[in-house]
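1. I'll drop the sequence and a predicted model, then ask my questions.
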Amino acid sequence: MRNPFIAGNWKMYKNKKDALAFAEELKSIYSNSDIKVAICAPYTQLDTLVSAFKGTNIKVGAQNVHYESEGAYTGEVSLDMLKEIGIDYCIIGHSERRTYFNETDESINKKIKKIFLESDIVPILCVGENLKEREDGLQEIIVKNQLEKALTNINADEVKKLVVAYEPIWAIGTGITATPEEAEIMCKLIRDTLTMLYDDEISDLITIQYGGSVKPSNASDIMNMDEIDGALVGGASLNAQDFFEIIRF
Ligand code: PGA
């Protein structure tokens, strides 16, 4: 662990009232530490969370953004709209978006470019193989390819702010976690790919998280691995006490 960062991904859960209650509970138990912390919430709760966490070290993130500045894209949200709220992070290319909303490596690349060019928001790029790909031994090829395509034409100065989340699809929401060793191998592959695309110095600065059924009971084993800088936490981030136990692993 060199760039510690733990983020919650609420997915499509909670309303404003729940978000506020969560924020109040987390603030009451959280004390500032060296570990960066963020909650990535549905758009409608971002405002509530930004106000509730003001004056703390807890940051707020979105779960998606459109790559165009504006236009006839019913149902989408632009980068300027997110900047106006004052968020710090944005998840890009989550496997649920790739699977259910046809996000492609190309659209993911456009989103990352847009974010880096026009904001200080930090993209959390998700990569990871599905069960069939893992069973066929293709995980390294899949993840390397996703990473290379997502980072096409992203320069070294921009990419050093990036967060990459390795999220094997078979471990997301299933209760099955990759073993710390399996996660470490893939996070090392991501680090090595970043070194190949940029250089050692840059790849050292990039935060690499593991995601997929992280919970209080397995957080420390995973995050104590050398190449793993933190976690992207889904289900267990919905409960302030569980999330707190993970961030103080
Ligand atoms: P999970 O989700 O922790 O519920 O497995 C992780 C994620 O999808 O980011």
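-> Thanks, I have it.

2. mind listing what the closest residue to the ligand within the chain touches?
-> Residue of the chain nearest the ligand, by Cβ to the nearest ligand atom: residue 234 (2.2 Å). Heads up, the C-betas are built off the backbone N, CA and C, glycines and all. By Cβ atoms under 8 Å, 6 or more residues apart in numbering, the residues touching residue 234 are 8, 9, 10, 11, 172, 173, 211, 213, 214.

3. Likewise for residue 229?
-> 1, 2, 3, 4, 5, 207, 208, 209, 223 are the contacts of residue 229 under Cβ under 8 Å, 6+ apart.

4. Columns distance to residue 16 on top of these, output as CSV?
-> Below are these laid out as CSV (distance: Cβ to Cβ, whole Å):
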residue, distance to residue 16
1, 34
2, 36
3, 32
4, 30
5, 26
207, 29
208, 32
209, 27
223, 31
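
5. Filter these down to the buried ones, PyMOL style.
-> Restricted to buried positions by 16 or more other Cβ atoms under 10 Å, the PyMOL selection for the contacts of residue 229 reads:
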select buried, resi 1+4+5+207+208+209+223
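
6. Just the ones in strands from the contacts of residue 229, please.
-> Applying DSSP state E to those, the entries found in strands are 5, 207, 208, 209.

7. what residues does the protein put near the ligand?
-> Proximity of the chain to the ligand is confined to 9, 167, 172-173, 211-214, 232-236 under the rule Cβ under 6 Å from any ligand atom.

8. Quick check: phi and psi at the residue nearest to the spatial centre of the chain.
-> Nearest to the mean C-alpha position of the chain, counting by Cα atoms, centre = their mean, stands residue 124 at 3.9 Å. Dihedral pair for residue 124: phi -110, psi 100, per degrees, to the nearest 10.

9. same thing with residue 206?
-> Torsion angles at residue 206 (phi, psi; degrees, to the nearest 10) stand at phi -80, psi 140.

10. Relative to residue 165, how far out is it?
-> Using Cβ to Cβ, to the nearest Å, residue 206 is found at 11 Å from residue 165.

11. so how far is the lengthiest helix in the chain off the chain centroid?
-> Looking across the chain with DSSP state H, the single longest helix is helix 180-197. In terms of Cα atoms, centre = their mean, to the nearest Å, the centre of helix 180-197 is found 16 Å from the chain centre.
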